[in-house]
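Enquirer: Below is the sequence, then the predicted model.
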Amino acid sequence: MDTFHEELTKDLLEKNEELTYARARTWVELLWEDFETTYAKARGKYLGKEMTSRLVKQWIDSYGSRLHEFASRNPKYSHMLEDEKDINH
């Protein structure tokens with residue numbers, strides 16, 4: 001799974017220069033876990049890492065350039081932008 005996360009993090013960093021590596025990785029992990037949890041509740045059958053990776057990649061392609069905007073407006077995710085010690089890639 002680490003390989004999937006690493007590739008998706010690189011994809012997100014290419015789409016969004018506002019994110020640091022740490023923030024991009026966190027977003028990938030949140031999206032991954034959110035999909036797997038929601039899908040498990042709805043369907044019950046796990047379709048594998050490849051399926052999850054494909055879906056997260058679609059989300060990154062569609063929304064990756066604006067994820068930092070979403071986080072700044074949503075209190076649930078605003079803590080992701082508070083650490084000024086992160087360095088941009």
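Expert: Nice, thanks for sending it over.
Enquirer: how much space is there between the closest residue to A40 other than its chain neighbours and R25?
Expert: Nearest non-adjacent residue to A40, counting by CB to CB, 6 or more residues apart in numbering: Y46, 6.8 Å away. Quick note: C-beta positions are derived from backbone N, CA and C, even for glycine. Y46 is 23 Å from R25, where distance means CB to CB, to the nearest Å.
Enquirer: The residue nearest to A40: what secondary structure?
Expert: Secondary structure, DSSP: H, G, I helix; E, B strand; the rest coil: Y46 is coil.
Enquirer: returning to that earlier point: which one of Y46 and R25 is surrounded by more residues?
Expert: R25 (18 against 11; other CB atoms under 10 Å).
Enquirer: can you tell me which helix in this structure is longest?
Expert: helix 21-42 (DSSP state H).
Enquirer: And that helix, what does it pack against?
Expert: Judged by 3 or more CB pairs under 8 Å, 6 or more residues apart in numbering; DSSP states H and E, helix 21-42 is in contact with helix 2-15, helix 49-63.
Enquirer: Got phi/psi on the residue nearest to A40?
Expert: phi -80, psi 130 (degrees, to the nearest 10).
Enquirer: List the residues that contact it.
Expert: The contact partners of Y46, by CB atoms under 8 Å, 6 or more residues apart in numbering, come to 36, 39-40.
Enquirer: Filter these down to the buried ones, PyMOL style.
Expert: With 16 or more other CB atoms under 10 Å as the criterion, this PyMOL line picks the buried residues out of these:
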select buried, resi 36+39
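Enquirer: Could I get the contacting residues of T9?
Expert: T9 neighbours (CB under 8 Å, 6+ apart): 21, 24-25, 28.
Enquirer: so how far is E17 from E33?
Expert: Counting by CB to CB - E33 and E17 are separated by 25 Å.
Enquirer: hang on, the earlier thing: R73 is nearest to which of the helices and strands packed on helix 21-42?
Expert: helix 49-63 (13.4 Å; CB to CB).
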